[in-house]
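Asker: I would like the atomic coordinates for the input below:
(chains A and B)
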Amino acid sequence: DIVMTQSPLSLPVTPGEPASISCRSSQSLLHSNGYYYLDWYLQKPGQSPQALIYMASNRASGVPDRFSASGSGTDFTLKINRVEAEDVGVYYCMQTLQGRTFGQGTKVEIK
Amino acid sequence: QVQLQESGPGLVTPSETLSLTCTVSGDSISGYHWSWVRRPPGKGLEWIGYIHYSGNTRYSPSLQSRLTMSVDMANNRYSLRLSSVTAADTAVYYCARLLHNPIPGQYYNYHYMDVWGKGTTVTVSS
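Answerer: Predicted structure coming up:
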């Protein structure tokens, strides 16, 4: 099984400042087609999860462009260009190469 | 606009079978994969599995021996059955659609969960 490890697990942020979350997989998420099989999701307080990023770096429909993601091999990063108050919640990475596995989640809250 | 609604008993007795249904409105269940995810209290998200409208399934290895998913095309819904439940199966259960996205140069698609239900709370307790 592929294990996903996120850091940090808690991230206090200041509105208007950038923020970054790291996600590491126990094995490479590179598919034979040359693409990385990793998604990012956000679960805001009291809401269902929502998709942010798919295939490591592609923004899902309707996601603001202040969200970006990158990575390769086993190391991936989600970045928020300028955090807004509505961005609070728990962020999850999820590998999709072998079934699906979520990371533990990173709780983002306003300082 | 596609909407998903989970339904099922909120309380299940230990060792019994948990049964949930996800009803899809606003689009046909045909042509997509459909998934289940849960969030135990105080913990993170856990992927349960998914089913294609044709009936093909893929389950989490940790739940596979207890899990069955099915599709009801006539009623545009799909279901989950988890047997021999314990307190560890207490969670909010979400259903979600897997949207297919073309992969450049490939004949197959990439899928991610684009539409989610609001979730239903299931407690396993006697």
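Asker: relative to residue B:76, how far out is the most centrally placed residue in chain A?
Answerer: Nearest residue to the geometric centre of chain A (Cα atoms, centre = their mean): residue A:40, 3.6 Å. According to Cβ to Cβ, to the nearest Å, residue A:40 stands 29 Å off from residue B:76. For every residue, glycine as well, the C-beta is placed using N, CA and C.
Asker: before we move on, what about residue B:21?
Answerer: Applying Cβ to Cβ to residue B:21 and residue B:76 gives a distance of 11 Å.
Asker: same check, this time on residue A:10
Answerer: In terms of Cβ to Cβ, residue A:10 sits 41 Å off from residue B:76.
Asker: who's more crowded, these two?
Answerer: residue B:76 (17 against 11; other Cβ atoms under 10 Å in any protein chain shown).
Asker: test my guess that the more buried one contacts residue B:26.
Answerer: No: assessed by Cβ atoms under 8 Å, residue B:76 is found out of contact with residue B:26, at 9.7 Å.
Asker: assign a three-state SS to the residue nearest to the centre of chain A, would you?
Answerer: Secondary structure assignment for residue A:40 (DSSP: H, G, I helix; E, B strand; the rest coil): strand.
Asker: also residue A:99?
Answerer: Applying three-state DSSP: residue A:99 is coil.
Asker: what's in contact with the host helix or strand of residue B:98?
Answerer: Assigned by DSSP states H and E, residue B:98 belongs to strand B:91-102. For strand B:91-102, the external contacting residues (Cβ atoms under 8 Å, 6 or more residues apart in numbering or on different chains) are A:48-49, A:54-55, A:58, B:2, B:4, B:6, B:8, B:20, B:22, B:24, B:32-41, B:46, B:48, B:50, B:78, B:80, B:109-117, B:119-122.
Asker: now a ChimeraX select for only the buried ones of the residues you listed.
Answerer: Applying 16 or more other Cβ atoms under 10 Å in any protein chain shown to the contacts of strand B:91-102, the buried members can be selected in ChimeraX as follows:
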select /A:48,49,54,55 /B:4,6,8,20,22,24,32,33,34,35,36,37,38,39,46,48,50,78,80,110,111,112,113,114,115,116,117,119,120,122
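Asker: the residue lying farthest from the centre of chain B and chain A, how far apart?
Answerer: For chain B, the largest distance from the centre (Cα atoms, centre = their mean) belongs to residue B:105, which lies 30.2 Å off. Note on residue B:105: its distance to chain A, by Cβ to the nearest Cβ, to the nearest Å, is 7 Å.
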